[in-house]
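S.K.: Return a 3D structure for these sequence lines:
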Amino acid sequence: MPLTEDYTFKLSDTGVVLNTSPSLPFVDITGVSGLDNAPYRETERDHEGQDGGFMDAEFEKGRPIILTGDIFGVPGSVETYLDSLKANWAPSTALLPFYIKSPGIAERLVYVKPLGCKYDWDRDLRFGKVPVQFKMFAEDPRLYASTQTLVTIPFAVGASTGFGFNLGFSFGFGGTSGTDGQFVTNSGNRPTPLQFTINGPCDSPTIRDDTYGHVLAFNIILATGETLVIDTYYKTVKLNGTLNRRNKLIDPDWFFLQPGSTFIRYNAVSGTGSSLDIRYRSAWR
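M.R.: Numbers count the residues shown, from 1 in each chain. As a prediction, this is how the structure comes out:
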C-alpha cells in the first residue's frame, strides 16, 4: 500500500517500511544521499591554439542511493528483524521500485537494484541498537510518480492524418482537426518514457506527437485481438508483447513525453474498433 507518512521509505511493494513511527522494532533513518541531482557524465576538451576549453555535461549517469540510520529492537530479539531486512535488500536481477514519501508531495519512486543491508556488530547490539546502511543503484536516474497514468485514444473514422507544425501561435497545418487525439500531461520537470499499446484491428497505424513534431509509423496489419507494444525507453516494438517487430517501424523517431501537456494523435489507414493505450509516469530530476 502507498506510503502516507512523511520521510518514510520502502523497497518493493512488500518491503519493510523504513523510518516509520517508532514501534519496536523499527529503523530510524538519519541520513539520505543520492536523491539530489544525479551525477552528470562530464567530458572536457581543450581549445586548440588558445586558452580555455569545452565542457559537455548533457546526460546523467546512474544514481547511487545510500540510506544511513539505526535499527532499534527488543534487546536479544533483533536478529529476526535483521533477517527480514537482509532478505528485503538482497541482490535482484530485476529492477525494484524504491518508494519515497517526502513532505508536501505525493509518493514517488525510483527503480533500483539493491546492494544490501550493511551493519556491524558492536556493543550497542546488546541494547537493541544497530547502526545500518541501505545501499542501492538506480540505472535510470529519474524519480517517477508512484501511480502510472493510462490514456486511451480510440480510432476515429475520417480523422485527419496530418499534424500541426510547432509554431508560436495556435494554428496547425496538415488537415482538419478530428477526434483522433488528446492532450497527455507530464506533471514532472523532465521528459519521461512512454509505453504505447496499439490494439487491433488496424492497418498501418501511426502515432503522432503534434506538439513537438514526432511521428512513429508502422508498416503492419493487426488483426482483432492483436496488440503492438512500443516502449520508447528500451526502443522496442513487440507484437502481442513478446515477438520482436522493430523492423515494422518505418522511421524510428523515438520520443519521450515532455513536461507539461503534449497533444498525441492516433491514426491508421483503417482501424474501426481499434485504439491506442498510452502508459507513463510523470518524472522528476
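S.K.: So what's the residue count around residue 3?
M.R.: By other C-beta atoms under 10 Å, 22 other residues sit near residue 3. C-beta: built from backbone N, CA, C; applies to glycine.
S.K.: got the contact list for it?
M.R.: Going by C-beta atoms under 8 Å, 6 or more residues apart in numbering, residue 3 touches 9-10, 17, 99-101, 107.
S.K.: Kindly recompute the last result at 6 Å.
M.R.: 99, 101, 107 (C-beta atoms under 6 Å, 6 or more residues apart in numbering).
S.K.: and the residues you listed as CSV, adding secondary structure and distance to residue 123?
M.R.: Formatted as CSV, the contacts of residue 3 follow (DSSP: H, G, I helix; E, B strand; the rest coil; distance: C-beta to C-beta, whole Å):
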residue, secondary structure, distance to residue 123
99, strand, 33
101, strand, 33
107, coil, 37
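S.K.: Shouldn't residue 125 be within a helix?
M.R.: Yes: looking at residue 125 with DSSP: H, G, I helix; E, B strand; the rest coil, it is inside a helix.
S.K.: Look up the closest residue to it, ignoring the ones flanking it.
M.R.: residue 78 (6.7 Å; C-beta to C-beta, 6 or more residues apart in numbering).
S.K.: if I look at the one you found, how far off is residue 251?
M.R.: According to C-beta to C-beta, to the nearest Å, residue 78 stands 59 Å off from residue 251.
S.K.: Among these two, which residue is more densely surrounded?
M.R.: Ranked by neighbour count (other C-beta under 10 Å), residue 78 and residue 251 place residue 78 first, with 20 against 10.
S.K.: State the distance from the closest residue to residue 73 other than its chain neighbours to residue 16.
M.R.: Closest residue to residue 73 apart from its sequence neighbours, by C-beta to C-beta, 6+ apart: residue 25 at 3.5 Å. Distance of residue 25 to residue 16, given as C-beta to C-beta: 10 Å.
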